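Trainee: coords below, sequence missing:
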């Protein structure tokens, strides 16, 4: 069982966002970087599959050279090797990204049985790459899954929809996009970090492409008033607290 | 919440451990109308206090730092927020074992007892989860502990509010600090303006930005300290509370590990220095975590992971023990490693309490509050005084260069004479090139490059042979050369020329000039024009604030000459005494004048050969100064000596310095004059004459009487510290400053060892010596006395023990050496009747 997980290096925003002066990007000088939350579930799923069924887990990303940091972090939780298609740091449009990924997948010596994506990236959230890659590779794709298992060359997945669940199956090789809730991603251990340093990261230069999609501007959503309301002090606050708990359906 | 007041006695900016401590201690000392503001929310406004590791190791090689830490620990205990855990500094190398022995000697000198050296097996008994095979030993200090700094700050703040002395406001941003006529007038915030007589900046790594609003400087830089929490650790599964196991500092890899509940916290000072500017820090709103918790950069920690794994494989090497939390935490670092405390020299009423870590917070706050309200602090804070910085040391380049260099020395083995390599050659004397050509080895003082010795004098080492007291051990030979002692001996035979460009020089002028210098000086300053007075400068409690020389150049014109290192603080001390009516002024002439000293038995012949002025014994008396002509130059010559030989200091406008050097050099060549470095001037020459130095011997903890420097006659004029000094004169001193000789230098390994200062003086049964004020006896200064063939130690001893011939032990790097009192008081051990100086 050879699994590929595709990742994207994204800024980890925890506070109010600031835009760059040209309003085309998020200001990242105060921010750390990670991968999108859904992608953490994707890697965890990949690690579990390889643990259960043997085989390899490869990570693939397109991004700046600094994205090696994200690859190493995920190698630390159990991936086998990684491929970094290095850009000049500019955001690529979905068409270009998907084409570069497809090229790398086709060029890879491993024929991946399963390719897993996160449902969307945390920053641009285009919801396109996985579909474009599936189309280009002519593979079946199941999106937005919250449960997945692989048996006898078939991947079976469930999606949560209003008032129920949908069940899908696809023959391997296939592509799946996963959502958070699929599993609980593990954090790296120190020995995992140490092993990750020795794992192979294949650096490839991305061929420059002319983007067909241009990001013109970003605008921040109006901030919501997050002011706290003091319900009272000590035991005096209990009735008001009970009221609030009732309102939010706590009991 | 009440409204922000329009007026306050004092605004304290910052609600971390330091700001809260300031509010509490100012209130405790009686101030009211204190207003505290912070940009962030309470109780954790987002500064460095919020992410601190919170452990305290009580010992530092700095007496000041250790005293502040001890006082802080006392307060944390009083608030019930201290948990004693014990702590072990482990060594992986023999060099570190020597350093640990040195730390124990510092501990004994500063009154921190109970420390002991452990074998690897003993370390393992205390900390079962370490691999003892990677260490060679450890230093166990049982009084190490962990504090809850956020809780302590909250308690202090609430107490100040409770007694009605203070109000505290969160989420308020300072937009400006207003100043009128050099005095702070208030704080402009995003929620109104507060008029105030005093403003205290206790804002950690944001402090420089706030100071700049008022035109002042707090030269620190935010720097990253990396921390990683892993867990849950099976071994700690039954942990009760925050911490039960001793904290381990893995000194040789600059790391620490501490149990934190069921987790293990791993911290490092080993990664590359990652420095920011205060402007780089995000606001509370835009920060992903907090403004001082940046995203962890794993690549900088890769090697630290391996080191932690080596020391604690059963925990760190467990694949199921995972990273819980990791940050690049921001701390404040300064270019010389000390805090930045006191009133800013630029703005009256604007105080800095910055670059203070958790272990120093409450103690520092108490001391600075005393300083603000009582005029001085009980603990001497001279190494932390904000006024110490020379102008070039406030430049961002300097701050960054020095912190970049010293960050990895946080846990390093730092030799007492170790020199910075970065940002050198900033202040060069007019003779720099000449000195360089003579093979000068330059050390730095206040940015000045000063020859410490000259390689051109190497041949003298052979000439004087064993009399140079050669050293074989690497530690004492580091940053030292036998040439220093050879220069000393040659100067005593013929003469030496010394570059003294690093002096700080300022003139006090105007109708009130006499009144100003009288206020500052213990000694009588209403002297004849042309007199040179060496005088202590006292603080209100009668302890030392400085010692310096003052020349009376005219009725209303005095020239103050003081050391480079402490010169800027002295300048502020005198500036603070200037009357408001403008009837006296201070002019800093440090960069206008350069100084050359020529001393030795042949000094008079050398000088007389180039001047028509009569340099004779009776025509140019000791302790006088006058302008003489040397060739084309008019030079202010001052007949004093810090090395114990006949000679003069020559003051000359800096652009004429090279010419003066050339003329003196040419004349001196006929009399075997040699260039002499600061190794002689600052140590060997000084110590043979038992001359005291500000800092080591002279500080606020000791009195003039104890230092043996009581003037025979008390001057009538008022001066700062007079009341205390009068009291001290009337009492029997509790301790006396003594000069001791080391009687046997031979170590157990058969090698001769030479103490370097700060070692404890012990009784013959190895017990610490403590006077009735609780002060310990330790070596204030140590160095060769080549003319006597002795190694000199200076130390205060309780008066009853201060008897010539009394025998003691000095502990040095874990061994004990016999020493004995050679002289009690200030009488020189070399040429006690001063015949050479008076020749």
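Mentor: Now that the structure is in, tell me what you want to look at. The structure presented is a predicted model; accordingly, all values stated were derived computationally and were not measured.
Trainee: C-alpha from now on. contacts and neighbour counts both.
Mentor: OK.
Trainee: top helix in chain A by residue count?
Mentor: Identified as the longest helix of chain A according to DSSP state H is helix A:37-53.
Trainee: Can you name the next helix or strand after that helix?
Mentor: strand A:56-63 (DSSP states H and E).
Trainee: Strand partners (parallel or antiparallel) of that following strand?
Mentor: strand A:2-7 (parallel), strand A:81-86 (parallel) (DSSP bridges).
Trainee: And the next helix or strand past it?
Mentor: With DSSP H and E, the next secondary element past strand A:56-63 is helix A:68-75.
Trainee: Let me see the ranges of the helices in chain A.
Mentor: Along chain A, counting by DSSP H, helices occupy A:37-53, A:68-75, A:94-107, A:129-137, A:190-198, A:238-247.
Trainee: picking that back up, and the longest helix of chain A with chain B, contact?
Mentor: No - for helix A:37-53, no contact with chain B is found by CA under 8 Å from any CA of the partner chain; the gap never falls below 14.5 Å.
Trainee: buried set for that helix?
Mentor: Using 16 or more other CA atoms under 10 Å in any protein chain shown as the test for burial, helix A:37-53 gives A:37-47, A:49-50.
Trainee: Pick out whichever of those residues sits closest to residue B:282.
Mentor: Of all the buried residues of helix A:37-53, residue B:282 sits closest to residue A:37, with 23.6 Å by CA to CA.
Trainee: Might one say that the closest one is in contact with residue A:181?
Mentor: No - Residue A:37 is beyond contact range of residue A:181, at 10.2 Å (criterion: CA atoms under 8 Å).
Trainee: rewinding a little: so what touches the longest helix of chain A?
Mentor: Contacts to helix A:37-53, defined as CA atoms under 8 Å, 6 or more residues apart in numbering or on different chains, come from residues A:1-7, A:56-57, A:74, A:77-79, A:116-122, A:150, A:177-186.
Trainee: Off-centre distance for it?
Mentor: 11 Å (CA atoms, centre = their mean, to the nearest Å).
Trainee: Quick one: mean pLDDT over that helix.
Mentor: Throughout helix A:37-53, pLDDT has a mean value of 96.
Trainee: and it with strand A:56-63, angle?
Mentor: Computed by axes from the mean of the first three to the mean of the last three CA atoms, to 10 degrees, the angle separating helix A:37-53 from strand A:56-63 equals 160 degrees.
Trainee: Show me which residues of chain B sit near chain A.
Mentor: B:230, B:280-282, B:284-289, B:294-296, B:298-299, B:302, B:305-306, B:309, B:316-324.
Trainee: Of those residues, which belong to strands?
Mentor: Taking DSSP state E as the definition of strands, these contribute B:230, B:294, B:295, B:322, B:323, B:324.
Trainee: what residues are up against the fifth one?
Mentor: Contact analysis of residue B:323 by CA under 8 Å, 6+ apart lists A:187, A:188, A:189, A:190, B:228, B:229, B:230, B:231.
Trainee: go on, the second one?
Mentor: Taking CA under 8 Å, 6+ apart as the criterion, residue B:294 is in contact with A:30, A:31, A:32, B:288, B:327, B:328, B:329, B:330.
Trainee: okay, now the nearest residue to the first one once chain neighbours are set aside: neighbour count?
Mentor: The reference is to residue A:30. Sequence neighbours aside, residue B:282 is the residue nearest to residue A:30 in space, at 6.2 Å (criterion: CA to CA, 6 or more residues apart in numbering or on different chains). A count of nearby residues for residue B:282, using other CA atoms under 10 Å in any protein chain shown, gives 20.
Trainee: cool, residue B:380 as well?
Mentor: Applying other CA under 10 Å, I find that residue B:380 has 22 neighbouring residues.
Trainee: hmm, back to that, what subset of the contacts of helix A:37-53 is buried?
Mentor: The buried subset of these - by 16+ other CA under 10 Å - is A:1-7, A:56-57, A:74, A:77-79, A:116-122, A:150, A:177-180, A:182-183, A:185-186.
Trainee: hang on, the earlier thing: between helix A:68-75 and the longest helix of chain A, find me the angle.
Mentor: Interaxial angle of helix A:37-53 relative to helix A:68-75 (the same axes, to 10 degrees): 40 degrees.
Trainee: pLDDT below threshold where in chain A?
Mentor: Applying pLDDT under 70 to chain A flags the ranges A:223-227.
Trainee: Can you pull the residues of it lying near chain B?
Mentor: Neighbours of chain B within chain A, by CA under 8 Å from any CA: A:12-18, A:30-33, A:69, A:187-194.
Trainee: Of these, select the buried ones using a PyMOL command.
Mentor: Selection of buried members from the residues of chain A next to chain B for PyMOL, criterion 16+ other CA under 10 Å:
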select buried, chain A and resi 12+13+15+17+18+30+31+32+33+69+187+188+189+190+191+192+193+194
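Trainee: Go through the residues of chain A next to chain B and flag which are in strands.
Mentor: Residues of the residues of chain A next to chain B located in strands (DSSP E): A:12, A:32, A:33.
Trainee: Which one of these is nearest to residue B:489?
Mentor: Out of those, the member with the shortest distance to residue B:489 (by CA to CA) is residue A:32, at 61.9 Å.
Trainee: wait, doesn't the closest one sit right on residue A:15?
Mentor: No - using CA under 8 Å, residue A:32 is not in contact with residue A:15; the gap is 11.8 Å.
Trainee: Beta-bridge partners for the nearest residue in space to residue A:143 that is not next to it in sequence, please?
Mentor: Distances taken as CA to CA, 6+ apart place residue A:177 nearest to residue A:143, at 4.6 Å, with adjacent residues excluded. Beta bridges link residue A:177 to residue A:117, judged by DSSP bridges.
Trainee: ok, residue B:270 - contacts?
Mentor: Taking CA under 8 Å, 6+ apart, we find residue B:270 in contact with B:253, B:254, B:255, B:304, B:408.
Trainee: Tell me, how many residues neighbour residue A:204?
Mentor: By the criterion of other CA under 10 Å, residue A:204 has 14 neighbours.
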